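K.L.:
3D, please:
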Amino acid sequence: MSEWYALIDNSSLVNFLFYPRRQHSKPRGNAFDLVVPVENEISITCRAFPADHNKPWLLYFHGNGEVVSDYDGIAPMYNQPGLNLLVADYRGYGASGGSPAFTDMVKDAVTIFHHVYDAVPPEGEEYQWYVMGRSLGSISALELAAQFPGKLKGLIIESGFISVNNLIQHLGLPFSGDLSPLEQDCRRLAASISLPALIIHGERDRLVPLEQGRALYETLGSNQKELLVIPGADHNDIMFVDPDHYMKAIKKFVLGE
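P.N.:
Have a look, this model is predicted:
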């Protein structure tokens with residue numbers, strides 16, 4: 001984990017990059033919540049959407065304005081081909097405690113992965129795990145892909161980024177510090193990843209431009225990687241502009257179908 005995340009945490013950028021919501025509903029159907037302790041008196045709530053115990057699990061880190069309850073209506077798209085989905089919140093989001101920060105977000109992702117890796121499978125069984133990050137969640141997903149290549153089968157990034165500096169400039173956010181050390185760390189992290197990877201990005205993404213997705217794809221050290229550009233898609237409608245194409249790519253990547 002980069003020590004330079006503290007530069008963001010100690011600045012006003014935190015207020016622009018996190019949009020926590022305290023919305024949390026009860027799980028529907030066979031979905032269930034997992035509460036993961038991450039620090040003294042602070043826990044993160046994750047929501048599991050099981051489909052087929054013979055197929056892999058996808059540990060999913062969502063965008064900066066979302067909560068796990070938002071995925072009650074999205075999870076069936078993953079469950080339909082048999083994918084098991086587990087969505088993690090961040091501190092201050094949904095029913096999770098604390099307040100969001102980049103350093104904690106990355107640290108908590110590791111704690112969450114250790115917990116769900118051991119807690120989700122029934123005793124005596126093992127599952128294959130993939131990690132996926134959307135937008136802000138790409139940071140957590142990249143960190144896990146770099147740290148646990150032996151426990152993860154692959155990495156999916158949707159609407160992600162590699163250059164914090166360029167993103168801040170693109171969004172016109174106020175910041176006078178030097179984030180170049182963090183950017184160098186992020187590029188080294190991506191280059192160290194050897195897992196198979198699927199990068200999905202909207203052609204017309206106005207929040208995180210397509211150039212960021214291309215740069216991430218090119219920097220990844222994976223020998224097996226694919227960049228899928230969804231024509232006409234923006235940042236928040238990418239999954240719905242062409243859902244068949246979107247899910248077909250994920251299904252093929254994870255299930256080989």
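K.L.:
show me what contacts Asp178?
P.N.:
Shown in contact with Asp178 (CB atoms under 8 Å, 6 or more residues apart in numbering): Leu7. From N, CA and C alone the C-beta is placed, and that goes for glycine too.
K.L.:
over to Leu179?
P.N.:
4, 7-8, 164-165, 168.
K.L.:
let's see that with 10 Å instead.
P.N.:
Neighbour list for Leu179: 4-5, 7-8, 11, 13, 163-168, 185-186 [criterion: CB atoms under 10 Å, 6 or more residues apart in numbering].
K.L.:
what about Asn84, distance to Glu203?
P.N.:
As for Asn84, its distance to Glu203 is 30 Å (criterion: CB to CB, to the nearest Å).
K.L.:
which of these two has more residues huddled nearby?
P.N.:
Each of Asn84 and Glu203 has its neighbours counted (other CB atoms under 10 Å); Asn84 has more, 24 against 14.
K.L.:
how many neighbouring residues does the residue nearest to the more buried one when sequence neighbours are not counted have?
P.N.:
The spatially closest residue to Asn84, leaving aside those adjacent along the chain, is Trp57, at 4.4 Å (CB to CB, 6 or more residues apart in numbering). Trp57 is flanked by 25 other residues according to other CB under 10 Å.
K.L.:
residue ranges of the helices in this structure, please?
P.N.:
Counting by DSSP state H, one finds helices in the chain at the ranges 5-9, 13-17, 75-79, 102-119, 138-147, 164-171, 180-192, 210-219, 238-241, 243-255.
K.L.:
need the pLDDT of the residue nearest to Asn84.
P.N.:
As predicted, Trp57 sits at a pLDDT of 95.
K.L.:
for Asn40, see how far away it is.
P.N.:
28 Å.
K.L.:
also Glu143?
P.N.:
Computed with CB to CB, the distance linking Glu143 and Asn40 is 22 Å.
K.L.:
then Leu171?
P.N.:
Leu171 is 34 Å from Asn40, by CB to CB.
K.L.:
looking at those two, which is more packed in?
P.N.:
Leu171 (13 against 5).
K.L.:
what is the burial count for the spatially closest residue to Ala190 that is not a sequence neighbour?
P.N.:
Computed as CB to CB, 6+ apart, the closest residue to Ala190 that is not its neighbour in sequence is Thr219, at 4.4 Å. Neighbour count of Thr219, defined by other CB under 10 Å: 17.
K.L.:
Thr219 and Arg187 touch, don't they?
P.N.:
Yes: with contact defined as CB atoms under 10 Å, Thr219 counts as touching Arg187 (5.6 Å).
K.L.:
shared neighbours, those two?
P.N.:
Contact criterion CB under 10 Å, 6+ apart; residues shared by Thr219 and Arg187: 162-163.
K.L.:
return the residues in contact with the closest residue to Gln212 other than its chain neighbours.
P.N.:
In space, Gln212 comes closest to Phe161 once its chain neighbours are excluded; the distance is 4.1 Å by CB to CB, 6+ apart. Taking CB under 10 Å, 6+ apart, we find Phe161 in contact with 135-136, 138-139, 167, 170, 186, 201, 205, 207-209, 211-213, 215-216.
K.L.:
narrow these to just the buried residues.
P.N.:
135-136, 138-139, 167, 170, 186, 201, 205, 207-209, 212-213, 215-216 (16 or more other CB atoms under 10 Å).
K.L.:
ok, back up a step: any idea how far the residue nearest to Ala190 lies from Leu155?
P.N.:
13 Å.
K.L.:
name the residues contacting each of these two.
P.N.:
Contacts common to Thr219 and Leu155, judged by CB under 10 Å, 6+ apart, are 190, 193.
K.L.:
endpoint to endpoint, stretch 156-167 covers what distance?
P.N.:
20 Å (CA to CA, to the nearest Å).
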